[in-house]
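Q: Coordinates for the following, if possible.
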Amino acid sequence: EQDVMDEGRYKVKTEKGSTSLTICDVVSDDCDKYSAPEPPAAKPNRSEVTADSITLSWYGPTFDGGSVVMGYTVEARKAGSDDRYTLISGCHLTSYIARGPKKNCQYEFRVRAQIVHGLSEPSKPSTPVTTADPVEEPEPEDHETAFAPLNVEIEPGSLFDKQYSLHEEVGKGRFGIVYRVTEKNSGVRRTAKIIKCIIAKDKEKVCEEVDITNSLRHPKLLQLGAAYERQREMVMVME
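A: Next up is the predicted model:
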């Protein structure tokens, strides 16, 4: 806790029976909604299995507790047992390679998100996995296709409404809300992250993110398909 002084960006005005606080040049950190984040969404998935390693991937929390996610902790135990989960590692990305598991032994994994205010509850446990299992590529869902790598340029926001139908919210974080969308011409399903931009610097950060995403090419990274600029919002359409 700290005292709010009538100086700088903060203006305190006291009148008979009331006091008001005005914050100038507001930033997201001024929003006093801080708590532990929600657990990572869904459950960890095995993305690759070899004779001596298991690669896991997962989604971040739908609500981050009002602070940037600093990393994740990965826990494991033998599948089907009542043993307590054991912390095996911490990492900064939404993927992790568990090395040296015992052969022909099934494991369950779960993940927690970490912010400066604390750890989340654990995610749902993964499907039991063993190094002896072959990895089967999942069948693509109907009406979902991957993007070919694109060099995305930011377009007017009015085009987003013409090209996509907006559906339900599927996730929420400090920097935006994610919705399911459908491309009107093809019926292909995508996700769209809508970022509120209160000041010009907010839009600059999104433009930088678009530039960085354009330069990244990796089969395990989500591809950016389109980006749009509205008066107080930016929209990023992802596969």
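Q: Show me what counts as buried in the longest helix along the chain.
A: Among the elements of the chain assigned as helix by DSSP state H, the one spanning the most residues is helix 200-215. Neighbour counts over helix 200-215 (16 or more other C-beta atoms under 10 Å) mark 202-203, 206, 209-210, 213-214 as buried. (Glycine included, C-beta is placed from N, CA and C.)
Q: give me every residue that touches the spatially most central residue of the chain.
A: Geometric centre of the chain, nearest residue: residue 60, 4.4 Å, by C-alpha atoms, centre = their mean. Residues in contact with residue 60, defined by C-beta atoms under 8 Å, 6 or more residues apart in numbering, are 40-41, 69, 94, 113, 173.
Q: which of these lies closest to residue 151?
A: residue 94 (24.7 Å; C-beta to C-beta).
Q: Give me the nearest residue to that closest one, chain neighbours excluded.
A: residue 58 (5.4 Å; C-beta to C-beta, 6 or more residues apart in numbering).
Q: So that neighbour sits against residue 39, correct?
A: No: using C-beta atoms under 8 Å, residue 58 is not in contact with residue 39, being 10.0 Å away.
Q: Find residues that contact each of these two.
A: 111, 123.
Q: Which one of the two is surrounded by more residues?
A: Applying other C-beta atoms under 10 Å to residue 58 and residue 39 shows that residue 58 carries more neighbours, namely 26 against 21.
Q: List the contacts of the more buried one.
A: 40-45, 72, 94-95, 111, 123.
Q: could you flag which of those residues are buried?
A: Neighbour counting over the contacts of residue 58 (16+ other C-beta under 10 Å) leaves 40-41, 43-45, 72, 94-95, 111, 123 as the buried ones.
Q: Show me the beta-bridge partners of residue 21.
A: Beta-bridge partners of residue 21, counted by DSSP bridges, are residue 12.
Q: next one: residue 178
A: Assigned bridge partners for residue 178, using DSSP bridges, are residue 171, residue 193.
Q: Measure how buried it is and give me the count.
A: Neighbours of residue 178 under the rule other C-beta under 10 Å: 18.
Q: In this structure it contacts residue 167, no?
A: No: using C-beta under 8 Å, residue 178 makes no contact with residue 167, being 11.1 Å away.
Q: if we can go back for a sec, tell me which of the contacts of residue 60 is nearest to residue 9?
A: residue 173 (24.6 Å).
Q: Out of the buried ones among the contacts of residue 58, which sit inside strands?
A: 45, 72, 95, 111 (DSSP state E).
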